[in-house]
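K.L.:
sequence first, predicted model second:
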Amino acid sequence: MPHRTFLKASWLLAGVIALFFTGCQGGYDLGGISINLDHFTAPSEASSTMTLRYTNENTIPIALSGSAHKVYLNGTYVGKAVSKQPLGLAPLSTITQDATVNFENLAFVKQLVATSDQKSASYRVESVLYITSGEENLTIKTNGTGSVDLRALSSTKP
């Protein structure tokens, strides 16, 4: 019988500890941040500035300490961008940020721009958003899809 009492007490203690640690997390499930590629500007030899639009669907403000993005055009990976620039997202709001995308598949980008009849392409941006809260580091993974104008890339130099 003492063995059963010990097991019950152990389970009770484990439950209390679990409640304590989940209670310390603040109760917020961060997510609900969407990201879209608005446009490209200022092309250079193997990079371009892209304007990203973030939408915070949370009812709390979120402070990003940085971000990393993989960019796909017409389903093909073309490059990545990393930003160390902090960004504040007010609750239920939208904000833009410029980031430099380094083209790792420049030949495909040039081919796409040269042969594109519509002057636009479908895109997918896969993003990791970094949040620093005190000593805690959090990440949010999100992605966005849509269509983007390629005309600004037509002057990308070889």
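P.N.:
Cool, got the structure.
K.L.:
please make it C-alpha for all contacts and neighbour counts, starting now.
P.N.:
Fine.
K.L.:
my read is that Thr51 contacts Thr96, right?
P.N.:
Yes: taking Cα atoms under 8 Å as the definition, Thr51 is a contact partner of Thr96 at 6.5 Å.
K.L.:
could I get the full set of strands for this protein?
P.N.:
Counting by DSSP state E, the chain forms strands over residues 33-41, 47-56, 62-73, 76-83, 87-89, 93-103, 120-133, 136-149, given from the N-terminal end onward.
K.L.:
could I get these as TSV with mean pLDDT?
P.N.:
Output for the strands of the chain, formatted as TSV (pLDDT from 0 to 100):
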stretch	mean pLDDT
strand 33-41	96
strand 47-56	97
strand 62-73	96
strand 76-83	98
strand 87-89	95
strand 93-103	97
strand 120-133	94
strand 136-149	94
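K.L.:
contacts only, for the residue nearest to Ala114 when sequence neighbours are not counted.
P.N.:
In space, Ala114 comes closest to Ser154 once its chain neighbours are excluded; the distance is 7.3 Å by Cα to Cα, 6 or more residues apart in numbering. Residues counted as contacts of Ser154 (Cα atoms under 8 Å, 6 or more residues apart in numbering) are Lys110, Val113, Ala114.
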